[in-house]
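Participant: Attaching a predicted model along with its sequence, questions to come.
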Amino acid sequence: MALYGTHPEHESTHEHDAVAVEVDAQVRVPRGEMGDLPAGVADVLAGIDGAAVVDVGEIDLVRPGSLDIYVDVTARIEGAFGARDADAMTAHVADAFGVEAVHAVAVEYERERDDEKRDTETADEGTDPPRDHG
C-alpha cells in the first residue's frame, strides 16, 4: 500500500477541510454493470459522499463472487470532505455503498495544498543575474 503520511498538526486540530484522501480498501464491484475492473472500482469509490475525482491506483487482490467481484485497492479520491480527521474520514469512506472494509486512510487538507501551490508560484526560475562585461 502506498499511502502518504498525514501531517501531525492536523491530527489533533482538523480545522482545515479535507480535499483528498488516499485509501486502501476492499470494495465490492457488481459484475453486470462494469466495463472493466478499474472502471468498476472507480464507480464504487465515486459513490463516496463529496467525491469528485477518483484515481484508481493498485489493485492488489481480486476475488470473484457469484454476483460481485471483491477487490483490494489503493486509490486517491479528491473532493469536498469537510473538516474531518483521519478517523472520521475512515468512517465516511466505510459508509459508502460497495465499500466492504477500509484498511488505511491518509488525508490531505486544504492548507497543505495551499502551501504547495504557494511554493510552486514563488519558485526561482533559475534566471542568471546580469553580467558586467566592462
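Facilitator: Now that the structure is in, tell me what you want to look at.

Participant: Then V41 would be within a helix, right?
Facilitator: Yes: V41: assigned to a helix according to DSSP: H, G, I helix; E, B strand; the rest coil.

Participant: Can you report how many residues lie near Y70?
Facilitator: Look at Y70: counted by other C-beta atoms under 10 Å, it has 15 neighbours. Using the backbone N, CA and C atoms, a C-beta is placed for each residue, glycine as well.

Participant: Apart from its chain neighbours, what residue comes closest to it?
Facilitator: By the measure of C-beta to C-beta, 6 or more residues apart in numbering, the closest residue to Y70 outside its immediate chain neighbours is R63, 4.3 Å from it.

Participant: Just want the phi and psi numbers for that neighbour.
Facilitator: With angles defined as degrees, to the nearest 10, R63 sits at phi -130, psi 110.

Participant: Now do the spatially closest residue to F97 that is not a sequence neighbour: how many residues are near it, please.
Facilitator: Excluding its sequence neighbours, the residue lying closest to F97 (C-beta to C-beta, 6+ apart) is G47, at 5.4 Å. Look at G47: counted by other C-beta under 10 Å, it has 13 neighbours.

Participant: surely G47 meets H92?
Facilitator: No: contact criterion C-beta atoms under 8 Å: G47 and H92 do not qualify, at 11.8 Å.

Participant: quick one: least confident helix or strand in this structure?
Facilitator: helix 8-12 (a mean of 43; mean pLDDT, DSSP states H and E).

Participant: where along the protein do the strands fall?
Facilitator: 18-30, 51-64, 68-79, 99-109 (DSSP state E).

Participant: Pick the most buried one from those.
Facilitator: Highest mean neighbour count of those: strand 18-30, a mean of 22 (counted as mean count of other C-beta atoms under 10 Å).
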